[in-house]
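**Q** Sequence below, structure please.
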Amino acid sequence: MGKKRTARSTAQPIAIFIAALTAAAVWTGAPAGPRAHATEPGTGSPPAAGAHGPAGIDLDTVTIPELQARMAGGSLTPTALTTAYLRRIEEINPRIRAVLRTDPTALRQAAASDARHRHGRTLGPLDGIPVLLKDNVDTRDLPTTAGSLALAGRPPATDAALVTRLRRAGAVILGKTNLSEWANFRAAKPTSGWSAVGGQTHNPYVLDRNPCGSSAGSAAALAASLAQVAIGTETDGSIVCPAGMNGVVGLKPSLGMVSQSGVVPISAEQDTAGPMARNVTDAALTLAVLTDDATAHPAPAPAPSHDLRGRRIGLWRLPALGPQVDAVMTRTAQKLRAAGAEVVEVTLPYQERLAELEFPALLSEFHRDIDTYLATRNGPRDLAGLIEFNRTHPAERTCFAGQELFEQSLAAPPTTSPRHRAMRAELKDLSRRSIDETMAAHHLDAIASPTNPPAWTTDCARGDNDVIPSSTPAAVAGYPSLSVPAGSVGELPVGLLLLAGDHQDAGLLSLGAAVEHHLNAWRAPRYLPTTGTAR
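**A** Here you go, the predicted structure:
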């Protein structure tokens, strides 16, 4: 398959794209929408979610470049922005349980950014921007639990590499978000968004509906405007599905672009952290920091075109997600064609074989990688110890009791076995061919598919009701995928998942920004208690 490129090999195209996208975001402004306003400390609390308050910043729709422009002009400070988000967390989070804990040093971090802004010494576009981290990303001064009481004691000794990069960029670490415990790799029938540490995260659009896993808290927090951006992680679907189901943007980067050092693992062959945001601009700027891209001070550049003329997109419909989702895809195709794109129907090959091989391979890789990680932490030192912990702690079984995946992983063949090596080699080959061959045969810029079904009703006894095959090809191949809001089924958001080839992250973000512009599908949640027929 050729030598794997590193994150550095893609730095220049990402830098060029970021510069253009940043300029465009400042020049064109954000779309109007329901508002939640930032205020200076002492001048009043933010209004209720979706309410219009006094003149100020629209947290629902503002972009990072717009925030930085205000900070540079003196009409906003990082402390004011951080205070606004902390107040929103205090007000909104009890309804959705997305944020596990806030960082007690957040305002101190913001004050340091205030000083840098005053003296013209900012560290880049994320300086003073509040960021939430999924609670499987190590932080030296906050607990990192993966949702499990087994890790709820002493914090890790060091920050994850991606957190170090965020801090060096001046980002304000606002706190940690809830997740599906162990990133949904514990039980055969888990309930996404539930952990023993954080309880159940709720979908802000309809509170009895599920937020999807495992980056459930990060996505729900963004939908509720509890931070400007958040970090999620994905092995297969755990960034993009929560993004789609909560009506936000989520990027799963190409494998290896973002360091996994200090992130609780499932499989080094598929795991990656990635940015989640309410718009593609903010996701792109965050990716640049996570990849250590040299875009701290992007130079002025022409605005990227939102013109889709000549762009070819393959639509992979996935009718298994139901007629209502398919209707959203039909409307999406119509909008993209009206904007000049050529949309052709495609079907990705090899999907049944990928489904047969992926899970057994992950079982072996999880055993290897979780043992390595647990050896760095206080608590159970290996997978066998973790299984025993769960057996002896009833709080770990309050939503669902099973740990079948742990037990199967413990008994799985080692990653050094010929059987496992053959499985992973076939997975890599078929997943890459499924995308590469489809794109080459139809001369495509990207493949598009539905990210998610409408959110199902959360039910601990039943577990998840998900059938979501669209994330698998890119997840197994290590290729990038990007979910942007596409529409809704009733009150429930549906995302459009865009897939591209190896390390085509910059091009995918550029296309995603244009698609986002023409679909214009984002809307604020209404926190309804329930709606329609249960799924």
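**Q** Might you report the residue contacts of residue 410?
**A** Residues in contact with residue 410 (Cβ atoms under 8 Å, 6 or more residues apart in numbering) are 367, 383, 384, 387. Any C-beta I mention is one placed from the backbone N, CA and C, and that applies to glycine too.
**Q** actually residue 421, not the one I typed
**A** Contacts of residue 421 (Cβ under 8 Å, 6+ apart): residue 415.
**Q** re earlier: would you mind checking the contacts of residue 410 for buried ones?
**A** Neighbour-count burial (16 or more other Cβ atoms under 10 Å) is assigned, among the contacts of residue 410, to 367, 383, 387.
**Q** wait, what's in contact with residue 200?
**A** Residue 200 is in contact with 97, 191, 193, 194, 399, 458, 460, counting by Cβ under 8 Å, 6+ apart.
**Q** In those residues, which residue is surrounded by the most others?
**A** residue 193 (35 neighbours; other Cβ atoms under 10 Å).
**Q** Was I right to think that one contacts residue 209?
**A** No - Residue 193 lies out of contact with residue 209 (Cβ atoms under 8 Å); the separation is 10.1 Å.
**Q** Pull up the overlap in contacts between those two.
**A** Contacts common to residue 193 and residue 209, judged by Cβ under 8 Å, 6+ apart, are 202, 458.
**Q** Next, count neighbours for residue 443.
**A** Residue 443: 10 neighbours (other Cβ under 10 Å).
**Q** got it, and residue 156?
**A** Neighbour tally, residue 156, other Cβ under 10 Å: 22.
**Q** Strands of the stretch 301-450 of the chain, residue ranges please.
**A** Counting by DSSP state E, counting those that start in this stretch, the stretch 301-450 of the chain has these strands, from start to end: 312-315, 342-345, 446-450.
**Q** What separation do you get for residue 423 and residue 502?
**A** Per Cβ to Cβ, to the nearest Å, residue 423 is found 21 Å from residue 502.
**Q** again with residue 310
**A** From residue 310 to residue 502 the distance is 23 Å (Cβ to Cβ).
**Q** residues contacting the residue lying closest to residue 513 once chain neighbours are set aside?
**A** Distances taken as Cβ to Cβ, 6 or more residues apart in numbering put residue 280 closest to residue 513, at 4.3 Å, once the chain neighbours are dropped. Residue 280 sits next to 21, 249, 482, 484, 509, 512, 513, 516 when contact means Cβ under 8 Å, 6+ apart.
**Q** go on, residue 112?
**A** Contacts of residue 112 by Cβ under 8 Å, 6+ apart are residue 170.
**Q** That one sits in which helix or strand?
**A** helix 106-118 (DSSP states H and E).
**Q** ok, now how distant is the residue nearest to residue 437 when sequence neighbours are not counted from residue 470?
**A** Distances taken as Cβ to Cβ, 6+ apart put residue 349 closest to residue 437, at 6.9 Å, once the chain neighbours are dropped. Remark: distance between residue 349 and residue 470 (Cβ to Cβ) = 15 Å.
**Q** And residue 384, by the same measure?
**A** Counting by Cβ to Cβ, the gap from residue 384 to residue 470 is 35 Å.
**Q** that older thread, take the contacts of residue 200 and lay them out in CSV including secondary structure.
**A** Below are the contacts of residue 200 laid out as CSV (DSSP: H, G, I helix; E, B strand; the rest coil):
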residue, secondary structure
97, coil
191, coil
193, coil
194, strand
399, coil
458, coil
460, coil
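**Q** Closest one of those residues to residue 490?
**A** residue 458 (16.7 Å; Cβ to Cβ).
**Q** residues near the nearest residue to the closest one once chain neighbours are set aside, how many?
**A** Distance criterion Cβ to Cβ, 6+ apart; nearest residue to residue 458, sequence neighbours excluded, is residue 210 at 4.6 Å. Using other Cβ under 10 Å, residue 210 is surrounded by 28 other residues.
**Q** Over to the one 4 residues further on?
**A** Here the neighbour count serves as a burial measure; for residue 214 (other Cβ under 10 Å) it reads 33.
**Q** In this structure it contacts residue 192, no?
**A** Yes - counting by Cβ under 8 Å, residue 192 is a contact partner of residue 214 at 6.8 Å.
**Q** Now list whatever residues contact both of the two.
**A** Residues touching both residue 214 and residue 192 by Cβ under 8 Å, 6+ apart: 180, 184.
**Q** contacting residues for the residue lying closest to residue 264 once chain neighbours are set aside?
**A** Computed as Cβ to Cβ, 6+ apart, the closest residue to residue 264 that is not its neighbour in sequence is residue 136, at 3.8 Å. With contact set as Cβ under 8 Å, 6+ apart, residue 136 has these partners: 144, 145, 146, 147, 179, 183, 233, 263, 264.
**Q** again, only using 7 Å
**A** Contacts for residue 136 were tallied using Cβ atoms under 7 Å, 6 or more residues apart in numbering; they are 144, 146, 179, 183, 233, 263, 264.
**Q** From those, keep the buried residues only.
**A** 144, 146, 179, 183, 233, 263, 264.
**Q** List the contacts of the residue lying closest to the fourth one once chain neighbours are set aside.
**A** In space, and not counting its chain neighbours, residue 183 is closest to residue 214: 4.1 Å by Cβ to Cβ, 6+ apart. Under the criterion of Cβ under 7 Å, 6+ apart, the contact partners of residue 214 comprise 179, 180, 183, 184, 192, 238.
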